[in-house]
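A.B. asks: Provided below for reference: sequence and predicted model.
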Amino acid sequence: MGSRQNKTPESYVYGILAKKDFTEGEIAYRLKRRFDLSESEVSAILDKLKRFNFIDDERFVKLFTLTKLRQGYGPYYICRKLSEKMVDISVEDVEEIAFKENLEIEQIAVDVCRNKVRNITNKSGKISENTPSAISVYKKCFDFLVRRGFDIELSRRIAKEESKYEGDFS
C-alpha cells in the first residue's frame with residue numbers, strides 16, 4: 001500500500017468515490033483541506049470528474065431525497081442534510097422530486113405516525129388504561145414528525161388524527 005502523503009489528489013478522489021457518492025462541494029472541501037490546493041486546481045479536478053460523470057449533484061440530490069423519503073423523513077430534514085453536504089435545495093425542490101416519483105409526503109408522514117402510535121400503544125393501536133393518554137400519544141407523534149422533518153401544520157394535523165386526540169390547540 002502506498003503512503004498517504006504520496007497519493008495524488010486525483011487518486012485520492014477516485015478512492016473515496018469508489019466507496020460512496022459525494023457532492024461537488026464535499027469533494028472540493030476535502031481536496032482543499034487535505035492537499036492545500038488552489039481554487040483553480042480544485043476546479044480542474046472537479047471539471048474532470050463531472051466530464052466523466054463521476055460526480056453529479058443532480059443525481060446525488062435525487063437519489064438521496066428518494067432514499068430519505070422512503071425511510072420516512074420529511075422535506076425539512078432532507079434539506080438540512082443536503083445543506084450539510086454543501087448542496088442548496090429548497091423544500092419545494094424536495095416536494096417536486098417526490099411528486100415526479102409518485103411519492104406523497106403526506107402519506108409518508110401518516111405512515112410514520114401510525115408506526116409511532118403502534119410502538120407507543122403496545123402494538124395494538126388501541127389506547128387502554130395501560131397505555132399513555134391520547135394527549136401524550138399526540139405530543140409524542142407530533143414531536144417525532146417534526147424531528148423527522150415534516151411541516152409543523154401537517155405534523156399537528158396528522159398527529160391529532162392518528163392519536164385520536166380530541167382537544168383544542170388554541
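C.D. replies: Okay, I see it.

A.B. asks: For this structure, just list every one of the helices.
C.D. replies: Using DSSP state H, the helices of the chain run over residues 9-19, 24-35, 39-51, 57-70, 75-84, 91-100, 105-120, 134-147, 152-163.

A.B. asks: Mind putting these into CSV with mean neighbour count and mean pLDDT?
C.D. replies: Just so you know, the C-beta spots here come from the backbone N, C-alpha and C atoms, and that holds for glycine as well. Output for those, formatted as CSV (neighbours: other Cβ atoms under 10 Å; pLDDT from 0 to 100):
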stretch, mean neighbour count, mean pLDDT
helix 9-19, 13, 94
helix 24-35, 16, 94
helix 39-51, 14, 96
helix 57-70, 17, 97
helix 75-84, 18, 98
helix 91-100, 16, 97
helix 105-120, 18, 94
helix 134-147, 19, 92
helix 152-163, 18, 94
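
A.B. asks: quick one: the spatially closest residue to residue 86 that is not a sequence neighbour and residue 9, what's the gap?
C.D. replies: Residue nearest to residue 86 in three dimensions, not counting chain neighbours: residue 25, with 2.5 Å by Cβ to Cβ, 6 or more residues apart in numbering. Per Cβ to Cβ, to the nearest Å, residue 25 is found 16 Å from residue 9.

A.B. asks: residues making contact with stretch 65-82?
C.D. replies: Stretch 65-82 is contacted by residues 61, 64, 88-91, 94-95, 97-98, 101, 103, 105, 108-109, 111-112, 115, 145, 147-151 when judged by Cβ atoms under 8 Å, 6 or more residues apart in numbering.
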